[in-house]
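need a 3D model of the following:
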Amino acid sequence: MNDDYQIALHHDEVLLTTLSVAPARYVEVVALLHERFPADQGFSLHIQRRREMRRILEQSPEGLRLLGVVYRHEEVPENA
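As a prediction, the model looks like this:
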């Protein structure tokens, strides 16, 4: 199952962008965002970990086909 992080960058509580980040780059990306978008200038990050809960498959004579993925989102504390 794949895990990734969803990082929402806000300025004065207005959403500017949302990023999907692989676990291998998570620490680096969060540090870079904090450096470039400091909290003392009104920026904040809201981070969630997205985990696959299950996959919905279809089996036919042609084989298996992925129909969808169900995810669970967990809040990640700012200092984690």
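
V29 touches I7, doesn't it?
Yes - assessed by C-beta atoms under 8 Å, V29 is found in contact with I7 at 7.0 Å. All C-beta spots, glycine's among them, are computed from the backbone N, C-alpha and C.

who touches both of the two?
Between them, V29 and I7 share these contacting residues under C-beta atoms under 8 Å, 6 or more residues apart in numbering: L19, V21.

quick one: which of those two has more around it?
I7 (19 against 15; other C-beta atoms under 10 Å).

wait, a helix at that one?
No - read with DSSP: H, G, I helix; E, B strand; the rest coil, I7 is strand and lies in no helix.

surely it meets I47?
Yes - using C-beta under 8 Å, I7 is in contact with I47, at 5.2 Å.

can you list residues touching both of these two?
By C-beta under 8 Å, 6+ apart, the residues touching both I7 and I47 are V30.

which residue lies farthest from the center of the protein?
The outermost residue of the chain relative to its centre, with distances by C-alpha atoms, centre = their mean, is P61 at 35.6 Å.

where do the strands of this protein begin and end?
3-11, 14-21, 43-60, 63-76 (DSSP state E).

show me what the last one pairs with in its sheet, parallel or antiparallel.
What that stands for is strand 63-76. Strand 63-76 has the following strand partners under DSSP bridges: strand 43-60 (antiparallel).

please tell me how far the partner strand is from the chain's geometric centre.
Using C-alpha atoms, centre = their mean, to the nearest Å, the mean C-alpha position of strand 43-60 is found 8 Å from that of the whole chain.

can you tell me what sits against it?
1-11, 13, 20, 30, 33-34, 37, 64-76, 78.

and stretch 64-79, by the same measure?
By C-beta under 8 Å, 6+ apart, stretch 64-79 touches 5-6, 45, 47-59.

what about 6 Å?
With contact meaning C-beta atoms under 6 Å, 6 or more residues apart in numbering, stretch 64-79 is reached by I47, Q48, R49, R50, R51, E52, M53, R54, R55, I56, L57, E58.
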